[in-house]
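Student: Compute the structure for the input listed below.
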Amino acid sequence: MSNSTPEIPGYQLDQRLLEHPLAELWHGRTFTGMEIIALVLSEDGVRDQTVVDRLAEASRATALVPGQQEAPLWAANFNSSRPYAITQLIPGQTGAERLIDPLDGIIGNDDASLRAIREQLSGYGAMPPTLPIAADIPSYVDHPQQPPQATTEQPQSKIDVARQYSRKIGGWVYAVIAIVVLIVFSIAYSIGSAIGSAVKDDPTDANGPAAPAVSPEPIPSAVLIPPVNRVTTAPYKRPDGSPGIFGAAYPAGADVQVVANAELPFAVGWPRPPQVDFLGESSQLILRRIVTATEYDPGGLKNAFKAQFALHPCVSLAQCLSDRPTFDQQWTKIYETTTPATAKDARTWLTVSPKAPYTITMTHAFLSGGQWWLVGAMVYGQPVEAPDIQRVVNDIWRQTS
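Tutor: I've put the predicted structure just below:
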């Protein structure tokens, strides 16, 4: 198992709470200071597809079916080199417990590890749930018979009991839920039939005014792990020959490939067949890369210039300007590049590095579809490609101005 701290874009992990052969649990913070708990699979866990599938399934259930007093899943990436799930740490039985539940299934009811996690989390104010008596819960592991002991049972809520049993019986909980749903449906149907019969026999009610029809709300077209919302891409503005902020710009009517499938709030003109790589995202950071596509290499054409993006949502222009120093420090560290330092206008900062690889970095605040954004762009390549790099940077600036 690696002793290094996992690198997750947008998050700073500072303390490992659990080291297990299949997974690690870490305490950390976002770049805005919010405390989080991250479950990161180990190298052995990544090689076990069953473990990866369990993490994905448990995390999606956590995101889409939040409890009444629990924080939803904050971010997850199941395609990373080390898949992870992150939740906000809130004092009480909330966000941190959301990851302990999936971990229980992943590591096979390792009670010792779970106790270690809860002892660590208690230092941050997280309260462990009240556990039912062990002898009353079926287990995957055979334990020696324990002599009965006289204990004083504490009353438990139905939610606590359901969570403990669902963690132990695994997939059987779905069969139990299905049976309960069928029973409730049968009872409701019987009551409905009886009421309908009574109404039909009552002539005064039958002649009364009909109740207005209730229209159900439309079903969402797509479901994403909250709190990441689907980004709407603005229409592309064709090149018109206007100058940019630095160097060469696309001439009017230039033949470019429009990149509109990167799930960014803007489209980009690319001079060659493009390929989009999704590098990760959370509620506060979106990471993308555009390269030149080739059938010979899934990573894109070698020795061709590339563009890497980081986006951060803001509630206003003032907040974007306030967040910019921290945002610049974060995204330039992720991409290991130079911070944009020269102010080109009130909302744009730029740095040009002419040495190989020729690199332009830009940070720009802009409004799209009613949402304010900070975009950090790094476009780099061989010095002979400097004009193409400048045209792409200027096109990004134009599309977001």
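Student: Checking the residue nearest to residue 231 when sequence neighbours are not counted next. Helix, strand or coil?
Tutor: Nearest residue to residue 231, sequence neighbours excluded (C-beta to C-beta, 6 or more residues apart in numbering): residue 263, at 5.1 Å. Bear in mind the C-beta positions are built from the backbone N, C-alpha and C, glycine included. Per DSSP: H, G, I helix; E, B strand; the rest coil, the local secondary structure of residue 263 is coil.
Student: surely residue 263 meets residue 233?
Tutor: Yes. At 7.2 Å, residue 263 counts as touching residue 233 under the criterion of C-beta atoms under 8 Å.
Student: between these two, who's got more neighbours?
Tutor: residue 233 (19 against 16; other C-beta atoms under 10 Å).
Student: Now the more buried one: closest residue in space, sequence neighbours ignored.
Tutor: The spatially closest residue to residue 233, leaving aside those adjacent along the chain, is residue 260, at 5.2 Å (C-beta to C-beta, 6+ apart).
Student: List the contacts of the one you found.
Tutor: 233, 236, 267 (C-beta atoms under 8 Å, 6 or more residues apart in numbering).
Student: Could you do residue 380 as well?
Tutor: 305-306, 337, 357-360, 389.
Student: Provide the backbone phi and psi angles at it.
Tutor: Residue 380 has phi and psi values of phi -150, psi 160 when expressed as degrees, to the nearest 10.
Student: Tell me, please, where in the protein the pLDDT is lower than the cut-off.
Tutor: 1-3, 59-74, 90-230 (pLDDT under 70).
Student: Residue 271 contacts residue 256, correct?
Tutor: Yes. At 6.0 Å, residue 271 and residue 256 qualify as touching, with contact defined as C-beta under 8 Å.
Student: Switch the contacts of residue 260 over to a markdown table; also include distance to residue 365 and secondary structure.
Tutor: Shown next, in a markdown table, are the contacts of residue 260 (distance: C-beta to C-beta, whole Å; DSSP: H, G, I helix; E, B strand; the rest coil):
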| residue | distance to residue 365 | secondary structure |
| --- | --- | --- |
| 233 | 18 | coil |
| 236 | 20 | coil |
| 267 | 18 | coil |
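Student: Identify the residue spatially nearest to residue 268, adjacent ones excluded.
Tutor: In space, residue 268 is closest to residue 259, 4.5 Å off (C-beta to C-beta, 6+ apart).
Student: Where do the strands of this protein begin and end?
Tutor: Remark: strands assigned in the chain by DSSP state E are 11-19, 23-30, 35-41, 73-77, 84-88, 257-259, 268-270, 274-281, 286-292, 306-314, 342-345, 348-353, 358-368, 371-381.
Student: Would you mind listing the buried residues in the second one?
Tutor: Spelled out, it's strand 23-30. 23-28, 30 (16 or more other C-beta atoms under 10 Å).
Student: and the gap between residue 341 and residue 327?
Tutor: As for residue 341, its distance to residue 327 is 14 Å (criterion: C-beta to C-beta, to the nearest Å).
Student: what about those two, which has more around it?
Tutor: Comparing residue 341 with residue 327 by neighbour count (other C-beta under 10 Å), the higher total belongs to residue 327, at 24 against 11.
Student: got the contact list for that one?
Tutor: Residues near residue 327 by C-beta under 8 Å, 6+ apart: 31, 310, 312, 363, 374, 376.
Student: Let me have those in TSV, extended by distance to residue 276 and neighbour count.
Tutor: Shown next, in TSV, are these (distance: C-beta to C-beta, whole Å; neighbours: other C-beta atoms under 10 Å):
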residue	distance to residue 276	neighbour count
31	25	19
310	15	24
312	19	25
363	21	26
374	20	24
376	17	27
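Student: now those as a markdown table including distance to residue 41?
Tutor: Formatted as a markdown table, the contacts of residue 327 follow (distance: C-beta to C-beta, whole Å):
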| residue | distance to residue 41 |
| --- | --- |
| 31 | 23 |
| 310 | 24 |
| 312 | 27 |
| 363 | 33 |
| 374 | 31 |
| 376 | 28 |
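Student: of those, closest to residue 246?
Tutor: Nearest to residue 246 among the contacts of residue 327: residue 363, at 13.6 Å, using C-beta to C-beta.
Student: who does that closest one bridge with?
Tutor: Beta-bridge partners for residue 363, by DSSP bridges, are residue 349, residue 376.
Student: That one: what's it in contact with?
Tutor: Per C-beta under 8 Å, 6+ apart, neighbours of residue 363: 324, 327-328, 340, 348-349, 374-377.
Student: which of these lies closest to residue 89?
Tutor: Looking across the contacts of residue 363 and measuring by C-beta to C-beta, the closest to residue 89 is residue 327, at 22.5 Å.
Student: Look up how far residue 255 lies from that closest one.
Tutor: 34 Å.
Student: for residue 15, same thing?
Tutor: As for residue 15, its distance to residue 255 is 53 Å (criterion: C-beta to C-beta).
Student: Likewise for residue 273?
Tutor: 12 Å.
Student: Between the two, which is the more surrounded one?
Tutor: Neighbours were counted for residue 273 and for residue 255 using other C-beta under 10 Å; residue 273 has more, 12 against 9.
Student: Next up, the contacts around the spatially closest residue to that one that is not a sequence neighbour.
Tutor: Closest residue in space to residue 273, ignoring its immediate chain neighbours: residue 293 at 4.6 Å, by C-beta to C-beta, 6+ apart. Residues in contact with residue 293 (C-beta under 8 Å, 6+ apart) are 272-275, 300-301.
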